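Participant: Pasting a predicted model and its sequence here:
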Amino acid sequence: MPMWAGRFSKEIDERVNDFNSSIKFDARMYKQDIQGSIAHATMLGEQGIIDKTDSEKIIDGLNQILSDIESGELEFDPAAEDIHMFIEAELTKRIGDAGKRLHTARSRNDQVALDIRMYLRDEIVEIAELVKKLIKTVTDLAGKHLNTVMPGYTHLQRAQPITFAHHLMAYANMLLRDIERLKDTYKRTDRLPLGSGALAGTTYPINRQRVCELLGFSEVCQNSLDGVSDRDFCIELASTISILMMHLSRFSEEIIMWCSWEFKFIELDDAYATGSSIMPQKKNPDITELIRGKTARVYGDLNTLLSMMKNLPLAYNKDMQEDKEAIFDAVDTVKLCISTFIPMLSTMTVLSENMRQAAAKGFINATDCADYLVKKGLPFRDAYKITGTLVKRCIELGVTLETLPLNEYKKLSDSFDEDVYKAISLETCVNERKSQGGPSPDSVKAQIDYVIDNLKRY
Ligand code: ARG
């Protein structure tokens with residue numbers, strides 16, 4: 001019999017009960033629900049809204065329920081409407097009338113808003129910790145490859161020489177921004193909606209500030225209608241996670257390319273790759289492909305939340321029950337992805353020699369050749385044109401700029417000398433790019449220090 005049965009003269013249709021019920025997916029908030037109820041009961045007792053003895057009985061009963069759920073002694077009833085109803089009913093079953101007083105000055109509308117916020121606060125911290133670990137893995141790997149020359153690309157065409165460390169540090173910076181966004185999302189999640197009631201507050205002399213302290217929130221939601229109908233924090237978190245997944249999917253895509261025979265820049269550890277059921281030679285980068293695929297799913301979760309909230313009149317509407325599956329899926333997915341990505345990244349073998357060989361092809365030192373002429377006094381546009389003609393000549397002769405004979409250089413400009421070969425060597429090209437943020441080993445070392453330093457702030 002549901003708690004609200006008094007108003008009804010018929011039992012609910014079983015299909016409606018199933019359709020309405022959210023316990024399958026909100027049971028995971030049992031701990032937050034109990035902690036929230038304990039704080040509420042404490043405050044009710046302190047304010048004299050219920051008897052101190054009832055408040056104590058409620059708190060004991062709730063603690064018992066918590067330990068029984070955790071030990072597996074108490075199982076969730078799939079027929080219950082939601083986790084809130086389940087726990088309240090269980091409490092009343094155990095302690096009788098005192099249990100029926102718990103819901104004084106409270107509604108499920110502010111209760112559910114409280115539970116999700118508390119649940120997500122913990123999740124945000126966990127995700128941020130995982131991202132930190134991933135950044136550490138990336139910077140450690142970068143530290144080992146400060147001198148590993150590889151081609152940098154634009155339009156997926158070889159463009160200019162960089163190092164593997166430089167390339168990796170681009171991801172470290174993206175991930176650092178993800179942590180910033182997570183911390184920022186936390187701020188707006190960390191507000192207490194309890195005390196908003198169903199929508200219009202309450203006539204009881206509650207003390208929201210006290211509940212706020214007890215549950216460790218930084219402030220209370222300032223308007224009761226907003227308190228029960230705000231799901232911005234879910235949308236913000238889904239959006240933060242979507243951006244994070246986008247970063248992981250770009251990284252994944254590169255790893256997929258890098259371990260193809262066409263690139264062969266890396267080799268995945270056998271424990272982090274899979275084979276084919278028919279092609280014996282195959283070693284597939286399934287993890288990264290799945291991360292790419294799961295990114296779509298998280299974008300879907302964000303879209304669900306945005307669409308679900310669109311046009312909803314104030315205050316609570318049942319549509320909002322749909323928030324949980326979407327945000328829980330986003331949170332679960334990103335944690336799973338990062339936890340698998342970290343060991344995959346730290347165990348892969350970097351094939352530095354193949355990276356270097358790829359960098360030696362594709363005339364990626366052409367800009368440096370033009371810059372050589374600029375240093376000899378030519379305007380950049382003239383130097384650019386001469387170098388373009390040189391590249392054309394190299395293609396005709398089937399050589400590279402490094403192996404093109406000096407007389408060919410001289411045909412195009414007197415300014416060329418023997419020292420051109422040193423100026424366009426891959427090492428010079430990389431080492432001389434000392435600009436802040438650039439690929440020279442010192443520059444990248446500074447980038448690593450910056451990221452590690454900033455991580456300490458979070
Ligand atoms: N299970 C509901 C949810 O997740 C709890 C709030 C129900 N409130 C109500 N007035 N029906 O949103």
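Facilitator: Nice, I can see it.
Participant: Setting aside sequence neighbours, what's the nearest residue to Ala346?
Facilitator: That one is not Ala; residue 346 is Ser. Of all residues not flanking Ser346 in the chain, Thr137 sits nearest, at 5.1 Å (CB to CB, 6 or more residues apart in numbering). C-beta here means a position set from N, CA and C on the backbone, and glycine is covered the same way.
Participant: That neighbour contacts Ile342, doesn't it?
Facilitator: Yes - Thr137 is within contact range of Ile342, at 5.3 Å (criterion: CB atoms under 8 Å).
Participant: so what's the residue nearest to Ser346 up against?
Facilitator: Shown in contact with Thr137 (CB atoms under 8 Å, 6 or more residues apart in numbering): Ile342, Leu345, Ser346.
Participant: counting contacts, what elements does the strand or helix carrying the last one pack onto?
Facilitator: To tie it back to what came earlier, the one meant is Ser346. Using DSSP states H and E, the element containing Ser346 is helix 323-347. Helices and strands touching helix 323-347, by 3 or more CB pairs under 8 Å, 6 or more residues apart in numbering; DSSP states H and E, are helix 23-26, helix 108-144, helix 232-258, helix 286-309.
Participant: To the ligand, which of those lies closest?
Facilitator: helix 108-144 (3.9 Å; CB to the nearest ligand atom).
Participant: if we can go back for a sec, of the helices and strands packed on helix 323-347, which is nearest Tyr372?
Facilitator: Comparing those by their distance to Tyr372 (CB to CB), the top pick is helix 108-144, with 29.1 Å.
Participant: Give me the buried stretch members for that closest one, please.
Facilitator: Across helix 108-144, burial judged by 16 or more other CB atoms under 10 Å covers 108-121, 123-124, 127-128, 130-131, 134-139, 141-142.
Participant: what angle sits between the helix holding Ser346 and helix 232-258?
Facilitator: 30 degrees (axes from the mean of the first three to the mean of the last three CA atoms, to 10 degrees).
Participant: Tell me the gap between helix 323-347 and the middle of its chain.
Facilitator: 8 Å (CA atoms, centre = their mean, to the nearest Å).
Participant: Tell me the secondary structure at the closest residue to the ligand within the stretch 251-400 of the chain.
Facilitator: With CB to the nearest ligand atom as the measure, Gln321 is the residue of the stretch 251-400 of the chain nearest to the ligand, at 3.7 Å. Counting by DSSP: H, G, I helix; E, B strand; the rest coil, the backbone at Gln321 sits in helix.
Participant: is it true that it touches Ser22?
Facilitator: Yes - Gln321 lies in contact with Ser22 (CB under 8 Å); the separation is 5.2 Å.
Participant: list residues touching both of the two?
Facilitator: If you check Gln321 and Ser22 against CB under 8 Å, 6+ apart, no residue is contacted by both.
Participant: Got the phi and psi for Lys31?
Facilitator: phi -70, psi -50 (degrees, to the nearest 10).
Participant: how much space between the residue nearest to it when sequence neighbours are not counted and Lys183?
Facilitator: Leaving aside its sequence neighbours, Lys31 sits nearest to Leu66 (CB to CB, 6+ apart; 6.7 Å). Distance, Leu66 to Lys183, by CB to CB, to the nearest Å: 29 Å.
Participant: between these two, who's got more neighbours?
Facilitator: Leu66 (19 against 15; other CB atoms under 10 Å).
Participant: Now name the helix or strand holding that one.
Facilitator: Going by DSSP H and E, Leu66 is part of helix 52-71.
Participant: Leaving aside the residues adjacent along the chain, what's closest to Met29?
Facilitator: Nearest non-adjacent residue to Met29, counting by CB to CB, 6+ apart: Asp115, 4.4 Å away.
Participant: Enumerate the residues of the chain near the ligand.
Facilitator: Residues of the chain lying close to the ligand (CB under 6 Å from any ligand atom) are Ser22, Asp26, Asp82, Arg108, Asn109, Val112, Tyr316, Lys318, Met320, Gln321.
Participant: and the second one, how many neighbours?
Facilitator: Read it as Asp26. 25.
Participant: On the pLDDT front, check the residue nearest to it when sequence neighbours are not counted for me.
Facilitator: In this structure, Asp26 finds its nearest non-sequential neighbour in Ile83, 4.6 Å apart by CB to CB, 6+ apart. We have a pLDDT of 98 for Ile83.
Participant: I'd say Ile83 and Phe25 touch.
Facilitator: No - in this structure, Ile83 is not within contact of Phe25 by CB under 8 Å, at 9.3 Å.
Participant: need the contact list for the closest residue to Lys264 other than its chain neighbours.
Facilitator: Nearest residue to Lys264, sequence neighbours excluded (CB to CB, 6+ apart): Asn354, at 5.0 Å. Applying CB under 8 Å, 6+ apart, we find Asn354 in contact with Phe263, Lys264, Phe265.
Participant: No more questions from me, cheers.
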